[in-house]
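>>> Provide a 3D model corresponding to the input given below.
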Amino acid sequence: MTTARLGQAVLTGTGTDVGKTVATAALAALGRAAGLDVGICKPLQTGLGPGEPGDAHEAARLAGVTRTLEVRRLPDPLAPETAARVAGQPQPTLAGLVDPIRGWLGGADTATAQPRLDLVEGAGGLLVRLGTDLTILDLAAALGAPLVVVTRAGLGTLSDTELTVRAIEAAGLRCAGIVVGSWPAEPNLAERCNLEDLPRLTGVPLLGRIPHGAGGLAPDEFARRAPGWFSAGATAALLPGHLPSRPR
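Got it, this is the predicted structure:
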């Protein structure tokens with residue numbers, strides 16, 4: 001048997017509530033449609049109690065994924081560092097998050113011809129503190145994974161997205177592309193212009209647009225439609241050795 005080609009991506013956002021979980025599910029459905037063995041990981045889940053389904057489980061439900069991991073959960077709907085402090089719990093550490101993820105990645109069967117894609121969904125925006133002096137940049141660097149930026153469609157998204165991509169590149173990491181987390185059925189002028197301006201100003205490709213309300217679809221319908229929300233090169237952008245074209 002040949003060794004599987006392993007792809008990883010860390011999803012971050014330009015802020016909170018930009019659609020990361022549904023974008024993660026859509027990328028997972030895209031990967032499954034391309035014949036990849038897809039896994040979904042949520043290193044830190046906040047705002048939910050024990051036994052409540054978290055973001056990883058919701059993304060997996062929509063995409064039909066069975067391989068999931070949630071590393072740590074904190075009860076209050078706050079940034080992880082703040083949530084740990086309010087709950088009186090120890091701060092998350094890089095090793096405490098990365099080591100279980102590495103074990104999960106290594107636990108899958110790599111001696112197979114089926115390529116694999118593992119998606120790691122962050123919390124909030126790029127510089128939200130996962131722990132003291134710990135951000136999603138540190139997590140992505142430790143995993144050696146590119147980042148995908150999930151952003152808003154409308155006015156104001158250009159600056160937010162460019163700042164996020166610049167921070168990724170300043171840290172020496174690769175941004176694989178941008179996904180619009182909620183694309184309206186009737187986009188206005190600013191939203192239509194942003195489709196051209198986002199890749200032009202950031203220098204990274206626009207991988208796809210998730211229709212507004214997609215998270216409300218039944219899983220079978222979600223999985224059927226999801227590949228049509230992405231560009232032709234979106235899957236390849238997440239696999240090793242891919243060097244995205246830069247539209248500048």
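>>> hey, let's count contacts and neighbours off CA atoms from now on
Fine.
>>> element containing Arg32?
Assessed by DSSP states H and E, Arg32 sits inside helix 20-33.
>>> Can you tell me what sits against that helix?
Residues from elsewhere that reach helix 20-33 (Cα atoms under 8 Å, 6 or more residues apart in numbering): 11-13, 37-40, 55-56, 58-60, 62-65, 117, 119, 121, 150, 179, 181, 210, 214-215, 222-223, 226-227, 235.
>>> Of those, grab the buried ones for ChimeraX.
Only the buried entries of these go into this ChimeraX selection, using 16 or more other Cα atoms under 10 Å:
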select :11,12,13,37,38,39,40,55,56,58,59,60,62,63,64,65,117,119,121,150,179,181,210,214,215,222,223,226,227,235
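>>> Let's see which of the contacts of helix 20-33 end up in strands.
Using DSSP state E, the members of these that fall in strands are 11-13, 37-40, 117, 119, 121, 150, 179, 181, 210.
>>> Now do the SS call for Gln8.
strand (DSSP: H, G, I helix; E, B strand; the rest coil).
>>> Enumerate the beta-bridge partners assigned to it.
Asp118 (DSSP bridges).
>>> list the contacts for it?
Contacts of Gln8 (Cα under 8 Å, 6+ apart): Leu117, Asp118, Leu119, Val120, Ala145, Pro146, Leu238, Leu239.
>>> If we use 6 Å, what do you get?
For Gln8, the contacting residues are Leu117, Asp118, Leu119, Ala145, by Cα atoms under 6 Å, 6 or more residues apart in numbering.
>>> wait, Val204 sits on Gly177?
Yes: contact status for Val204 versus Gly177: in contact at 5.3 Å, counting by Cα atoms under 6 Å.
>>> Among the ones in strands among the contacts of helix 20-33, which one sits closest to Pro187?
Ile210 (12.7 Å; Cα to Cα).
>>> give the contact list for the closest one.
Taking Cα under 6 Å, 6+ apart as the test, what Ile210 contacts is Gly181, Ser182, Trp183, Trp229.
>>> By neighbour count, which of these wins?
Gly181 (27 neighbours; other Cα atoms under 10 Å).
>>> if we can go back for a sec, between which two of the contacts of Gln8 is the distance greatest?
Leu117 and Ala145 (11.1 Å).
>>> Residues touching the helix or strand bottoming out on mean pLDDT in the chain, excluding its own?
The helix or strand of the chain with the poorest confidence is helix 234-237; it has a mean of 88 (mean pLDDT, DSSP states H and E). Applying Cα under 6 Å, 6+ apart, the contact partners of helix 234-237 are Ala176, Leu207.
>>> and if you look at stretch 9-17?
Contacts of stretch 9-17 (Cα under 6 Å, 6+ apart): 119-122, 124-126, 145-151, 160.
>>> Report how many residues lie close to Ala167.
16.
>>> quick one: whichever strand or helix holds it to chain centroid distance?
Taking DSSP H and E as the criterion, Ala167 maps to helix 157-170. Centroid separation for helix 157-170 versus its chain: 15 Å, with Cα atoms, centre = their mean, to the nearest Å.
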